[in-house]
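predicted model and sequence follow; I will ask about them next.
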Amino acid sequence: MSSSARSRIAKRPSRLVAQGLVIAMLLLLGACDRVADADGDAAGPTRLILKTDWYAEPEHGGFYLALLRGYYLEEGIDLEIQANNNISNIYQQVATGQVDFGLGTSDTLLTLIARDIPLVGVMPYFQRDPQGVMVHPGSEVRTLQDLDGRKVMLSPTLNYVEFLQRALGIRFQLVPLTGELANFLSDEALAQQAFLTSEPYFVMQAGVQPRLLPFWDTGFEPYRIAYTRRQLASEHPELVAGFIRASLRGWADYTRGAQREAGRVAAFTEIARRNPQQSADFMAWTYAEMARYRLVHGREGEALGQIDRARLRREIGQLSELQLLERNVQVEEAMTFDLYPQQLVVDSDDPQP
């Protein structure tokens, strides 16, 4: 099995990313605005780049569908989508203007904002980050708390690890994540980190029906988001707002309404063209898991693209309690609220009328 189809969790952002970004920003201080340089023809669309956090896959289908259907062009944006498997590198490339948008998680973004890295969230495309732990079907582990005292293969740089150990007091033997499945398949006592819409499929193909324990069950619930650099949002707000509108249209076509099936087929065709390792069966399974976990549209009271200020405040508080933020971060720093459709901005802490 190719890594472009399987090892979705092999590369995760390190908490040392921020230090590397600071160095990169110093080295590139005074660099030209890539958008301004490329936008010489005012009559034509502006060339922008979205760099994803993995190879082409169904988890990014709404962006590919928006591109296919010309929604970005309608907003004056000539968008290029570049696949990538080095998540740490994306934050640096966006911050330094080498690309314009990236995909990641809100918790990592907040830790970088706290280091004064000039990034800002644009839109959540998943209401929750589909990461968790998988165990063998015969395991006595039925909740994340049951991992206490056990052997767990995890990326040690994940903020989830800090939350499990320090906030919840769960102590386990940490085995560094390799991105491979052989150890898990051969060791029934091993629990392993998994992207819930990826690794379990290949484990089942090997004859094991894993039990899945999402990290969001702990109450630590980062969004999966698109983000940009602050300079682009402040100097070209119409482009960022256009990117948001086009992306939301693509995700709506991909996941809801009477034309959902046509959108899914079109997106899958494009994904397979860009990444031939994505089989029809795997993509269909992934899409079904996205729907089962309600990743895009969320739970009751949530919606496609919705941003909850209260959730962001809680996340900031959780990261602060874990001493993962170098300074206090305000909710307004986290997202481009002024460019976002206001009907999608809520605050669940506000008293309901």
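Yes, it's here.

kindly confirm my reading that Ile225 forms part of a helix.
No: counting by DSSP: H, G, I helix; E, B strand; the rest coil, Ile225 is not part of a helix but strand.

contact partners for it?
Contacts for Ile225 were tallied using CB atoms under 8 Å, 6 or more residues apart in numbering; they are 103-106, 109, 121-125. In this view, the C-beta of every residue, glycine as well, is placed from N, C-alpha and C.

between those, which is nearest Ala246?
Met123 (10.6 Å; CB to CB).

what residues does that closest one make contact with?
225-226, 244, 247-248, 305, 307, 340.

downstream neighbour of the host helix or strand of it in the secondary structure list?
Here Met123 sits within strand 119-126, counting by DSSP states H and E. Using DSSP H and E, the helix or strand that follows strand 119-126 in sequence is strand 131-135.

quick one: contacts of that next one?
By CB under 8 Å, 6+ apart, the list of residues contacting strand 131-135 reads 9, 141, 144, 147, 152, 154, 158, 160, 184, 191-196, 199-200, 203, 210-217.

per-residue confidence at Thr197?
At Thr197, the model reports a pLDDT of 98.

that one contacts Pro130, correct?
Yes: using CB atoms under 8 Å, Thr197 is in contact with Pro130, at 5.3 Å.

for the two, list the residues in contact with both.
Common neighbours of Thr197 and Pro130 (CB under 8 Å, 6+ apart) are 59, 289-290, 293, 295.

top of those residues by neighbour count?
Glu59 (26 neighbours; other CB atoms under 10 Å).

is that one in a helix, a strand, or coil?
helix.

renumber starting at 31 from here on
I'll keep to 31 as the first residue from here, and by that count the last item is Glu89.

against Leu369, how distant is it?
24 Å (CB to CB, to the nearest Å).

ok, back up a step: what's the PyMOL syntax to select whichever of the contacts of strand 161-165 are buried?
Here is the PyMOL command that selects the buried residues among those (16 or more other CB atoms under 10 Å):
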select buried, resi 39+171+174+177+182+184+188+190+214+221+222+223+224+225+226+229+230+233+240+242+243+244+245+246
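
helices - which of the contacts of strand 161-165 land there?
190, 214, 229-230, 233 (DSSP state H).

of these, the lowest pLDDT goes to which?
Tyr190 (94).

my guess is that residue meets Phe245, correct?
Yes: under the criterion of CB under 8 Å, Tyr190 makes contact with Phe245 at 4.8 Å.

how about the helices in the stretch 31-180 of the chain?
Assignment of helices within the stretch 31-180 of the chain using DSSP state H, counting those that start in this stretch yields the ranges 47-57, 64-68, 91-98, 101-104, 117-125, 136-143.

lowest-confidence stretch among the ones you listed?
Among the helices of the stretch 31-180 of the chain, helix 47-57 carries the lowest mean pLDDT, a mean of 49.

list the buried ones in the longest helix seen in the chain?
When the chain is parsed with DSSP H, its longest helix is helix 267-285. The neighbour-count check on helix 267-285 (16+ other CB under 10 Å) flags 269-285 as buried.

what helices and strands are in contact with it?
Applying 3 or more CB pairs under 8 Å, 6 or more residues apart in numbering; DSSP states H and E, we find helix 267-285 packed against strand 76-81, helix 91-98, helix 101-104, strand 107-112, strand 149-156, strand 254-259, helix 260-265, helix 290-304.

export the ones in helices among the contacts of strand 161-165 to CSV and tack on distance to Leu103?
Output for the ones in helices among the contacts of strand 161-165, formatted as CSV (distance: CB to CB, whole Å):
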residue, distance to Leu103
Tyr190, 38
Phe214, 44
Glu229, 36
Pro230, 37
Val233, 41
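
from these, which two are the most distant?
Top of the distance list for those (CB to CB): Tyr190 and Val233, 19.7 Å.

averaged pLDDT, stretch 153-171. What do you get?
On average, stretch 153-171 scores 98.

distance to Ser350 and pLDDT added to the contacts of Met153, as TSV?
Putting these into TSV (distance: CB to CB, whole Å; pLDDT from 0 to 100) gives the following:
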residue	distance to Ser350	pLDDT
Ile255	19	98
Ala256	24	99
Ile274	28	99
Ser277	30	99
Leu278	30	99
Gly335	26	98
Ile337	20	98
Tyr370	24	98
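
nearest to Thr299, of these?
Checking the contacts of Met153 against Thr299 with CB to CB, the nearest one is Ser277 at 19.2 Å.

does that closest one touch Leu97 like I think?
No: using CB under 8 Å, Ser277 is not in contact with Leu97; the gap is 9.6 Å.

overlap of the contact sets of those two?
By CB under 8 Å, 6+ apart, no residue touches both Ser277 and Leu97.

end-to-end on stretch 360-368?
15 Å (CA to CA, to the nearest Å).
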